[in-house]
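*Asks:* no sequence on this one, just coordinates:
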């Protein structure tokens, strides 16, 4: 499964790493690609273990907002 | 001794931590205060061991420019 999250507040490479790392730690997430300019994060995941809500929580724990 | 560095490119708390940490690792640096909004970094240091050039290098290694 693949989804695109709209993430607010990512300003630099550190932000990109923080969001990417947090999402990669979510069980079932298989791939993460961040576009800083667009403020989007593309996530490939196994929908039997991961879900959007757990991804949203992981990103928000890093201090960024996910806009649905 | 005290100096204020003008640092370009700090956008978020991660940047602040990166610059602050790098400067604190410079021998002779005793105190570092970052103002993200102003783009300035106030450094207190022992001028017998630290110098501006070593601070500049430490900041630039983190990917930020020091404007003199």
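*Replies:* Everything's here; your move. Keep in mind that this is a model prediction, so the values were computed, not measured.
*Asks:* next, count neighbours for residue A:68.
*Replies:* 6 (other C-beta atoms under 10 Å in any protein chain shown). Where you see a C-beta, it was placed from the backbone N, CA and C, and this is true even at glycine.
*Asks:* what residues are up against it?
*Replies:* For residue A:68, the contact set (C-beta atoms under 8 Å, 6 or more residues apart in numbering or on different chains) comprises residue A:6.
*Asks:* and residue A:16, how close does it get to residue A:62?
*Replies:* 11 Å (C-beta to C-beta, to the nearest Å).
*Asks:* helix or strand for the closest residue to chain B within chain A, which one?
*Replies:* Per C-beta to the nearest C-beta, residue A:14 is where chain A lies closest to chain B, at 3.2 Å. Element membership for residue A:14, per DSSP states H and E: helix A:13-24.
*Asks:* just the angle for that helix relative to helix B:13-24, thanks.
*Replies:* Computed by axes from the mean of the first three to the mean of the last three C-alpha atoms, to 10 degrees, the angle separating helix A:13-24 from helix B:13-24 equals 120 degrees.
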